[in-house]
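S.K.: Here is a sequence together with a model predicted from it:
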Amino acid sequence: MKKSKFSEEQIIRILKEVEAGVKVAETCRRYGISEPTYYVWKDKYAGMEVSQLRHLKDVEGDLGPLKRMYADLALGHHALKDALSQKD
């Protein structure tokens, strides 16, 4: 997936600009983005503040190791269950 040339903070500022009353087409032209891109951003970031976005990224970063740990434990659990069921 192609990385955006805009940071997430910049995207939120662009969305706030349209919420303030500037037309979508004018904003898209000014920043060099397409209207479909604007609406994708709106679906993803609508109603968020920069501080909320930073908090979300922190939580997502903390969640990655926990997901891996759960996957390892679940795999071990299923292996033990298979071993016990074959023993009978």
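M.R.: Arrived safely. Owing to the predicted nature of the structure, the values given are computational and were not obtained by experimental measurement.

S.K.: element containing the nearest residue to Thr37 once chain neighbours are set aside, please.
M.R.: The shortest distance from Thr37 to any non-neighbouring residue, by CB to CB, 6 or more residues apart in numbering, is to Cys28 (7.7 Å). No exception for glycine: its C-beta is placed from N, CA and C like everyone else's. Under the criterion of DSSP states H and E, Cys28 resides in helix 24-31.

S.K.: and that helix, which residues are buried?
M.R.: Within helix 24-31, the residues scored as buried using 16 or more other CB atoms under 10 Å are Thr27, Cys28, Tyr31.

S.K.: quick revisit: quick check: the residue nearest to Thr37 vs Gly47, distance?
M.R.: 20 Å (CB to CB, to the nearest Å).

S.K.: What pLDDT is listed against the residue lying closest to Ser34 once chain neighbours are set aside?
M.R.: Leaving aside its sequence neighbours, Ser34 sits nearest to Cys28 (CB to CB, 6+ apart; 6.5 Å). Turning to Cys28, the model gives it a pLDDT of 95.
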